[in-house]
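Student: Structure of the sequence below:
(one chain, ligands or ions: 1)
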Amino acid sequence: MTHADPARVERVRANLAAVRGRIEAACAAAGRSPEEVSLVAVTKTYPASDVRILASLGVTDVGENRDQEAAPKAAETADLGLTWHFVGQLQTNKARSVASYADVVHSVDRARLARVLGDRAAAADRRLTCLVQVNLDEDSRAGVIGPRGGVDPNDALEIAARIDEHEALTLGGVMAVAPRGGDPGAAFARLRTVADRIRDRHPLATVISAGMSADLEAAVERGATHLRLGTALLGNREPIVG
Ligand SMILES: *Cc1c(COP(=O)(O)O)cnc(C)c1O
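Tutor: Numbering: from 1, shown residues only. Have a look, this model is predicted:
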């Protein structure tokens, strides 16, 4: 923290306070305790210095969606003891790298990905918590918009079983991104039914990772346990080229 820009610290502090206020209000409206809702700060496109600022303000969980960016950032901030969440689409050829620093992978949507992640984690003598990413976008499942990651809700239980059977993996629960342009409340309600079905069979799989900066209230209302927040904490991102 020796060189942290004081203006940046104050901006992030104010953003974090505003986000905590939104979470508390959403929990109050839903009759839930704020302690049931964890915040994952998504730091993609922002530098490791922002990860340090977030940590200095009490954030314990950070998320990234690209291995090329996440791996060096996790290494640069390894002294902070943070919990790292991988939230992006994941190719199996990146599984070894991701398994070396991530604690939670939110985006498991193929049996093969579960197996490779588990094998890489075992080889590194690590354990990974994995969430089944559910695709709630009927248009993209029909191929109208194109793949956005996530398994068809009807196949979620099967992927959950593949995660659960691997000795190096812990089945945490489910994750989803609300479809663009749709009603996030309806989408998160669908996710909730998938989550309940998985939890019936795997009682410890209680995580529902849903809700981003624009729709966290709808996610809290529908039972989210983990919110993945980038913009609301760190500001609008520059578009990524390539
Ligand atoms: C970028 C990202 C987020 C954070 O989105 P914001 O709108 O900036 O809060 C959450 N989840 C995933 C999968 C992301 O890629």
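Student: Find the residue at the geometric middle of the protein.
Tutor: In the chain, the residue lying closest to the centroid (CA atoms, centre = their mean) is Val87, at 4.5 Å.
Student: Smallest gap between this protein and the ligand, at which residue?
Tutor: The nearest approach of the chain to the ligand comes at Gly230, 2.8 Å away (CB to the nearest ligand atom). C-beta: built from backbone N, CA, C; applies to glycine.
Student: Next secondary structure element downstream of the one helix or strand in the chain whose mean pLDDT sits lowest?
Tutor: Ranking every helix and strand in the chain by mean pLDDT, DSSP states H and E puts helix 138-141 at the bottom, with a mean of 71. Once helix 138-141 ends, the next helix or strand along the chain (criterion: DSSP states H and E) is helix 156-164.
Student: What parts of the protein come near the ligand?
Tutor: Along the chain, the residues adjacent to the ligand under the rule CB under 6 Å from any ligand atom are 42, 44, 65, 87-88, 177, 212-214, 228-232.
Student: before we move on, the earlier item: residue contacts, the residue nearest to the centre of the chain?
Tutor: Val87 is in contact with 40, 42, 63-65, 106-107, 175, 209, 228, counting by CB atoms under 8 Å, 6 or more residues apart in numbering.
Student: can we see that at 7 Å?
Tutor: The contact partners of Val87, by CB atoms under 7 Å, 6 or more residues apart in numbering, come to 42, 63, 65, 106-107, 228.
Student: Relative to Pro34, which of those is nearest.
Tutor: Taking CB to CB as the measure, Pro34 sits nearest to Arg228 out of the contacts of Val87, at 16.6 Å.
Student: residues contacting that closest one?
Tutor: The contact partners of Arg228, taken as CB under 7 Å, 6+ apart, are 40, 42, 63, 87, 209, 211-212.
Student: go again using 6 Å as the cut-off
Tutor: 40, 42, 63, 87, 212 (CB atoms under 6 Å, 6 or more residues apart in numbering).
Student: Just list whatever residues bridge to it.
Tutor: Beta-bridge partners recorded for Arg228 (DSSP bridges): Val40.
Student: tell me what the longest helix seen in the chain is packed against?
Tutor: Scanning the chain for the longest helix, with DSSP state H as the assignment, gives helix 6-30. On a contact count with 3 or more CB pairs under 6 Å, 6 or more residues apart in numbering; DSSP states H and E, helix 6-30 meets helix 216-221.
Student: gap between the helix it packs on and the chain center?
Tutor: Computed by CA atoms, centre = their mean, to the nearest Å, the chain-centroid distance of helix 216-221 equals 15 Å.
Student: how about that helix: buried residues?
Tutor: 216-221 (16 or more other CB atoms under 10 Å).
Student: Put together JSON lines for those residues, with distance to Gly31 on each row.
Tutor: Shown next, in JSON lines, are those (distance: CB to CB, whole Å):
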{"residue": "Leu216", "distance to Gly31": "16"}
{"residue": "Glu217", "distance to Gly31": "14"}
{"residue": "Ala218", "distance to Gly31": "15"}
{"residue": "Ala219", "distance to Gly31": "15"}
{"residue": "Val220", "distance to Gly31": "10"}
{"residue": "Glu221", "distance to Gly31": "10"}
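Student: Next, give phi and psi for Val62.
Tutor: Backbone geometry at Val62, expressed as degrees, to the nearest 10, gives phi -130, psi 150.
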